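Visitor: need a structure here:
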Amino acid sequence: MHLFKKYYGLFLILLLSFWAIKPFFIQGFFPMHDDTQVARVFEMAKVLKAGVFPVRVVPDLGYGYGYPIFNFYAPLAYYIGAGFTFLGLDALVATKVMMVLGVILAGVFMYFLAREFFGEFGGLVSGLFYLYVPYHAVDIYVRGDVAEFWAYAFIPLAFLGFYRKNILLGAIGFAGLILSHNLTAMMVAPFLLIIILLNYYTAPNGKKLLVAYRLLFIVILGLAISAFYWIPALAEMKYTNVLSQIGGSANFRNHFVCIGQLWDSPWGFGGSAAGCTDGLSFKIGKLHILAAIVAFIFMFCIKKMRRSKEWLVVLFSFFGFLFSAFLTLEASKWIWEIVPTMAFFQYPWRFLILTSFFSSILAGSLVFLFKKFRIFFYLTGMLLTFLLLVYNLKFFTPQTILPKTTGDYTNEFTLKWTTSKISDEYLPLNFKKPQIPQEVYREQVNIGIKETPIERASNAVSFVGLLALILGIILFKRKQKYG
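Guide: Residues are numbered from 1 along each chain as shown. As a prediction, this is how the structure comes out:
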């Protein structure tokens with residue numbers, strides 16, 4: 001009972017998350033833009049069961065010639081999905097469980113972050129706002145971008161770790177971001193850098209150096225743990241066709257959002273197109289926008305709050321919210337032009353992941369502002385939660401449910417032809433793609449391919465990083481026990 005009173009917000013988030021994940025409990029599966037998820041989990045499990053780790057090349061994709069997808073595409077969610085197959089689940093059920101876990105963790109990690117500043121009830125409101133933001137539904141039920149919504153879950157954990165200067169949380173959160181979706185990690189990194197600088201400059205003079213070392217260690221440890229993935233991905237992508245994904249139909253210049261779409265745009269299951277008429281919605285969420293603006297105004301109107309920890313969080317979040325929204329608009333084109341690496345994001349509306357993050361923090365702060373007025377405190381939280389569920393639950397449903405089974409996603413034809421056509425950008429530069437199904441490779445591919453020196457070195461770096469993390473946990477526990 002004591003545990004429930006202390007963490008009632010967490011229990012309520014777990015309970016109220018049901019409507020976000022309800023469609024996963026229906027027999028069959030829903031179509032999505034990236035309809036490769038079951039195949040990837042199946043292939044990952046197949047290689048792991050053959051005793052190969054880390055998984056870089058899978059045997060059946062790449063038109064049957066083998067495909068180095070997990071050498072370049074962030075693998076964390078698929079390791080977790082494959083792990084469930086070791087418990088006896090088939091690939092389809094394991095994929096569903098993996099996706100459900102990623103959805104729920106978003107609300108849970110945001111709860112812990114917002115709770116740090118705005119208390120239990122504020123953490124509950126922020127967690128639910130983060131869980132039920134419209135863009136989260138787009139990622140889950142429209143795009144099917146598992147990697148991105150797993151990274152979405154790790155954003156709050158990374159911020160919490162860096163804010164607390166907690167090596168364990170920070171390293172796991174940062175590494176989780178990179179291993180879930182490298183593009184999201186790139187988007188979040190500048191904001192984490194601001195947290196690092198704020199931590200340094202607000203630290204007492206005698207502790208500035210210690211704070212700097214601690215934060216630097218978190219960054220190094222996070223990079224080291226994830227090195228087995230990001231070092232080969234950067235060093236070896238020049239041998240693939242991945243650079244062909246920049247430009248053409250994925251040119252960022254054709255995918256800016258019109259400002260009216262941020263307030264409201266029709267819900268759909270189509271794609272992104274040039275102009276203001278798109279097949280999917282880019283709405284931030286009216287409630288999220290209003291909560292962000294009202295929280296910012298209220299925080300400045302209450303003189304006693306100025307210069308407080310909560311005041312700084314609201315200030316940082318509001319300007320993070322505005323800047324992220326700005327980067328989705330064509331007015332920010334000059335920034336995209338002068339920062340070449342931003343071309344890898346392809347779609348400016350990806351920054352809706354950060355507007356979701358910052359607006360959800362601000363929603364939780366609204367509750368905190370009324371903490372001295374208990375009636376308004378609870379009424380505000382309950383009203384925000386009620387309105388959120390009433391207006392946003394409808395987005396968390398797929399277009400349709402198809403009577404699919406595991407075999408529909410993992411048969412030879414689907415793997416070597418249908419799924420291979422969806423993603424083939426990591427094939428070698430000189431690879432000649434089959435034009436008809438009869439041209440796919442039918443023989444068994446050797447999945448124990450010898451790793452390159454770069455890949456072996458990156459494995460060693462990750463091993464050392466994990467040892468350092470484990471050693472740090474042991475020393476921390478000993479310090480707690482013996483003082």
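Visitor: Geometric centre of the chain: which residue is closest?
Guide: Nearest residue to the geometric centre of the chain (C-alpha atoms, centre = their mean): residue 151, 1.7 Å.
Visitor: which residues does residue 461 contact?
Guide: Contacts for residue 461 (C-beta atoms under 8 Å, 6 or more residues apart in numbering) come out as 224, 227-228, 231. Using the backbone N, CA and C atoms, a C-beta is placed for each residue, glycine as well.
Visitor: and of the residues you listed, the nearest to residue 39?
Guide: Residue 39 has its nearest neighbour among these in residue 228, at 22.7 Å by C-beta to C-beta.
Visitor: quick revisit: ranking the contacts of residue 461 by neighbours, who comes first?
Guide: Within those, residue 228 tops the neighbour count with 26 neighbours, counted by other C-beta atoms under 10 Å.
Visitor: How about the secondary structure of residue 276?
Guide: coil (DSSP: H, G, I helix; E, B strand; the rest coil).
Visitor: related to what we said a few turns ago, distance of the residue nearest to the centre of the chain from residue 239?
Guide: 25 Å (C-beta to C-beta, to the nearest Å).
Visitor: sorry, back to before: in helices only, show me the contacts of residue 461.
Guide: Among these, the residues falling in helices (DSSP state H) are 224, 227-228, 231.
Visitor: I'd like those written out as JSON lines, with distance to residue 324 and pLDDT added.
Guide: Output for the ones in helices among the contacts of residue 461, formatted as JSON lines (distance: C-beta to C-beta, whole Å; pLDDT from 0 to 100):
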{"residue": "224", "distance to residue 324": "28", "pLDDT": "96"}
{"residue": "227", "distance to residue 324": "28", "pLDDT": "97"}
{"residue": "228", "distance to residue 324": "30", "pLDDT": "96"}
{"residue": "231", "distance to residue 324": "28", "pLDDT": "96"}
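Visitor: Go through those and name the one nearest residue 407.
Guide: The closest of those to residue 407 turns out to be residue 228 (C-beta to C-beta; 32.3 Å).
Visitor: correct me, but that closest one touches residue 456?
Guide: No: using C-beta atoms under 8 Å, residue 228 makes no contact with residue 456, being 9.7 Å away.
Visitor: C-terminal to the longest helix anywhere in the chain, which secondary structure element comes first?
Guide: Ranked by residue count, the top helix of the chain under DSSP H comes out as helix 91-131. Note on helix 91-131: by DSSP states H and E, the next helix or strand toward the C-terminus is helix 134-137.
Visitor: ok, and the closest non-adjacent residue to residue 398?
Guide: Spatial nearest neighbour of residue 398, chain neighbours left out: residue 30 (3.3 Å); criterion: C-beta to C-beta, 6 or more residues apart in numbering.
Visitor: pLDDT below threshold where in the stretch 101-250 of the chain?
Guide: Where the stretch 101-250 of the chain drops to pLDDT under 70, the residues are 245-249.
Visitor: Going by neighbour count, which residues in stretch 158-168 are buried?
Guide: For stretch 158-168, a neighbour-count test (16 or more other C-beta atoms under 10 Å) marks 158-163, 165-167 as buried.
Visitor: Determine which two of these are furthest apart.
Guide: 159 and 167 (14.8 Å).
Visitor: For the helix or strand containing residue 193, what is the distance to the chain centroid?
Guide: Assessed by DSSP H and E, residue 193 sits inside helix 182-202. Distance of helix 182-202 from its chain centroid, counting by C-alpha atoms, centre = their mean, to the nearest Å, is 16 Å.
Visitor: go on, stretch 6-13?
Guide: Centre to centre, stretch against its chain (C-alpha atoms, centre = their mean), the figure for stretch 6-13 is 22 Å.
Visitor: swap in stretch 175-182?
Guide: Its chain's C-alpha centre and that of stretch 175-182 lie 8 Å apart, by C-alpha atoms, centre = their mean.
Visitor: now the helices: where do they sit in the stretch 151-300 of the chain?
Guide: With DSSP state H, counting those that start in this stretch, the ranges of helices along the stretch 151-300 of the chain come out as 167-180, 182-202, 208-225, 227-236, 259-263, 286-301.
Visitor: Pull out the buried positions in the fourth one.
Guide: This means helix 227-236. Buried-residue list, helix 227-236, by 16+ other C-beta under 10 Å: 227-233, 236.
Visitor: I'd like to check what contacts it. Which residues are they?
Guide: Contacts to helix 227-236, defined as C-beta under 8 Å, 6+ apart, come from residues 54, 56, 70-72, 74-75, 178-179, 182, 223, 452, 454-455, 457-459, 461-462, 465.
Visitor: Same check on the last one?
Guide: Contacting residues not belonging to helix 286-301 are listed as 129, 133, 262-264, 305-306, 310-311, 314-315, 317-318, 321, 355-356, 358-360, 362-363, 365-366, 369, 384, 387-388, 391-392 [C-beta under 8 Å, 6+ apart].
Visitor: quick one: it to helix 91-131, angle?
Guide: Per axes from the mean of the first three to the mean of the last three C-alpha atoms, to 10 degrees, the angle that helix 286-301 makes with helix 91-131 is 40 degrees.
Visitor: Using CSV, write out the CA atom coordinates for helix 286-301.
Guide: Extracted in CSV, the C-alpha atoms of helix 286-301 (Å, rounded to 0.1, in the frame of the first residue of the first chain):
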residue,chain,number,x,y,z
LYS,A,286,-4.2,21.4,-29.6
LEU,A,287,-4.2,20.5,-25.9
HIS,A,288,-0.4,20.1,-26.0
ILE,A,289,0.1,23.6,-27.6
LEU,A,290,-2.3,25.3,-25.2
ALA,A,291,-0.8,23.6,-22.2
ALA,A,292,2.7,24.7,-23.3
ILE,A,293,1.7,28.3,-23.8
VAL,A,294,-0.4,28.6,-20.6
ALA,A,295,2.4,27.0,-18.5
PHE,A,296,4.9,29.4,-19.8
ILE,A,297,2.7,32.4,-19.1
PHE,A,298,1.7,31.3,-15.6
MET,A,299,5.3,30.5,-14.6
PHE,A,300,6.3,34.1,-15.5
CYS,A,301,3.2,35.6,-13.7
